[in-house]
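A.B. asks: Requesting a structural model of the entry that follows:
(one chain, ligands or ions: 2)
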Amino acid sequence: MGALGRPRRSCLAVPGSSIKMLGKAQGLPADQVFLDLEDAVAPLAKPDARKNIVAALNDGGWGNKVRVVRVNDLTTPWTYRDVIEVVEGAGANLDAIMLPKVQNAAQVQWLDLLLTQIEKTIGLPVGGIGIEAQIENAAGLVNVDEIAAASPRVETIIFGPADFMASINMKSLVVGQLIPEYPADPYHYILMRILMAARMHDLQAIDGPFLQIRDVDAFTEVAQRSAALGFDGKWVLHPGQIDAANEVYSPAQADYDHAEMILDAYEYYTSEKGGKLGAVMLGDEMIDEASRKMALVIAGKGRAAGMSRTATFTPPEQG
Ligand code: GLV
Ligand code: MG
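C.D. replies: Residues are numbered from 1 along each chain as shown. Ligands and ions are numbered 1, 2, ... in the order given. Have a look, this model is predicted:
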């Protein structure tokens, strides 16, 4: 409950088949963990992985992390058992279910109804468990608006680049890599499309994995592209990617300070004492109501990330 709005700068993938990794993940500084039953778990290992995940959620110490389980997609025979076993077993210690390869609103509504049934059965608050919808094929992207609107449980829309590239026959095999023969960024449209749907419904937009886990510089470069658009976070597949994600999806200290300064200055100048001004100069910059809105975004991200300001605004007559 209440997971929406919590930072998800780094979303750590943890295979449910690995008891060792389920243990190790608890101490890592990722904002979110998602315990995987889908593509990181072999079909024959899925039944045991469900049990490992229930035990890890109930017995583990996950701190403030957003706790998510990724179930299998609805074209497989596994999804309903994944949801029932995990939520009946550990629903009180779980923030959201991630549904991969979502294609339309009906699939999200199916999950919403099933979660409601389980919550009623085991006595959890109805609606408490959220949904994260992963967009990984053309149908999902074309229907992303209805997917975002399908249930009040939806908290995030996630880009799944590996499956997505396969599903649309994209030429590159390296997720996030720019394609030399193509002058533009092939991911730009997809990311923007997801971002628009997410923002329209006040959801978080999350970028997917980068598979070259040893190349943190390349990870950072790819992350910076979605962070620049406004994405809230990115998957991390390895502990080595966590710090980079936390940094890229937090504002820089100078930007955070500047945003807080704009908020204070604008509040002062629009007040009686400040002259009831709607457009004023702050240093070399003209600020108005739209500047306040932009500053609120940056300040909000910085506050959510626990940043503290290192500069203050001094009204002119006192300065
Ligand atoms: C993640 O699930 C992806 O397919 O990129
Ligand atoms: Mg995928």
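A.B. asks: ok, the spatially most central residue of the chain to ligand 1 distance?
C.D. replies: Centroid check for the chain by Cα atoms, centre = their mean gives Ile206 as the closest residue, at 3.7 Å. Taking Cβ to the nearest ligand atom, to the nearest Å as the measure, Ile206 and ligand 1 are separated by 11 Å. No exception for glycine: its C-beta is placed from N, CA and C like everyone else's.
A.B. asks: Repeat that for Asp185.
C.D. replies: For Asp185, the distance to ligand 1 - Cβ to the nearest ligand atom - is 17 Å.
A.B. asks: one step back: for my notes, confirm the residue nearest to the centre of the chain occurs in a strand.
C.D. replies: Yes - the assignment for Ile206 is a strand, going by DSSP: H, G, I helix; E, B strand; the rest coil.
A.B. asks: wait, doesn't it sit right on Gly233?
C.D. replies: Yes - the criterion here is Cβ atoms under 8 Å, and Ile206 meets it with Gly233 at 5.2 Å.
A.B. asks: Pull up the overlap in contacts between those two.
C.D. replies: Arg8, Cys11 (Cβ atoms under 8 Å, 6 or more residues apart in numbering).
A.B. asks: returning to that earlier point: so the residue nearest to the residue nearest to the centre of the chain when sequence neighbours are not counted, which state does it fall into?
C.D. replies: Residue nearest to Ile206 in three dimensions, not counting chain neighbours: Ile158, with 4.4 Å by Cβ to Cβ, 6 or more residues apart in numbering. Here Ile158 is strand, with the state taken from three-state DSSP.
A.B. asks: residues contacting Ile158?
C.D. replies: Met98, Glu132, Ala133, Gln134, Ile135, Ile194, Ala205, Ile206, Asp207, Gly208, Trp235.
A.B. asks: and if we set it to 6 Å?
C.D. replies: Applying Cβ atoms under 6 Å, 6 or more residues apart in numbering, we find Ile158 in contact with Glu132, Gln134, Ile206.
A.B. asks: Please verify my assumption that the last one contacts Glu155.
C.D. replies: No - applying Cβ atoms under 6 Å, one finds Ile206 not in contact with Glu155, separated by 9.7 Å.
A.B. asks: Output the set of residues of this protein in proximity to ligand 2.
C.D. replies: Residues of the chain lying near ligand 2 by Cβ under 5 Å from the ion: Glu136, Gly160, Asp163.
A.B. asks: for Leu22, what are its contacts?
C.D. replies: Leu22 makes contact with Val14, Asn52, Ala56, according to Cβ under 6 Å, 6+ apart.
A.B. asks: between the contacts of Ile158, which is closest to Gly140?
C.D. replies: For the contacts of Ile158, the residue nearest Gly140 by Cβ to Cβ is Gln134; the value is 7.8 Å.
A.B. asks: what's around the closest one, how many residues?
C.D. replies: For Gln134, the tally of surrounding residues (other Cβ atoms under 10 Å) stands at 26.
A.B. asks: my guess is it is in a strand, correct?
C.D. replies: Yes - remark: Gln134 belongs to a strand, assigned using three-state DSSP.
A.B. asks: show me what contacts it?
C.D. replies: Pro100, Ile158, Gly160 are the contacts of Gln134 under Cβ under 6 Å, 6+ apart.
A.B. asks: Same question for Gly233.
C.D. replies: Arg8, Arg9, Cys11, Ile206, Tyr249.
A.B. asks: Look up how far ligand 1 lies from it.
C.D. replies: 14 Å.
A.B. asks: how about that residue, phi and psi?
C.D. replies: In terms of degrees, to the nearest 10, the main-chain angles of Gly233 are phi -180, psi -180.
A.B. asks: what does Leu203 give?
C.D. replies: Here Leu203 shows phi and psi, under degrees, to the nearest 10, equal to phi -110, psi 160.
A.B. asks: OK, contacts around it?
C.D. replies: Applying Cβ under 6 Å, 6+ apart, we find Leu203 in contact with Ala148, Thr156, Ile157.
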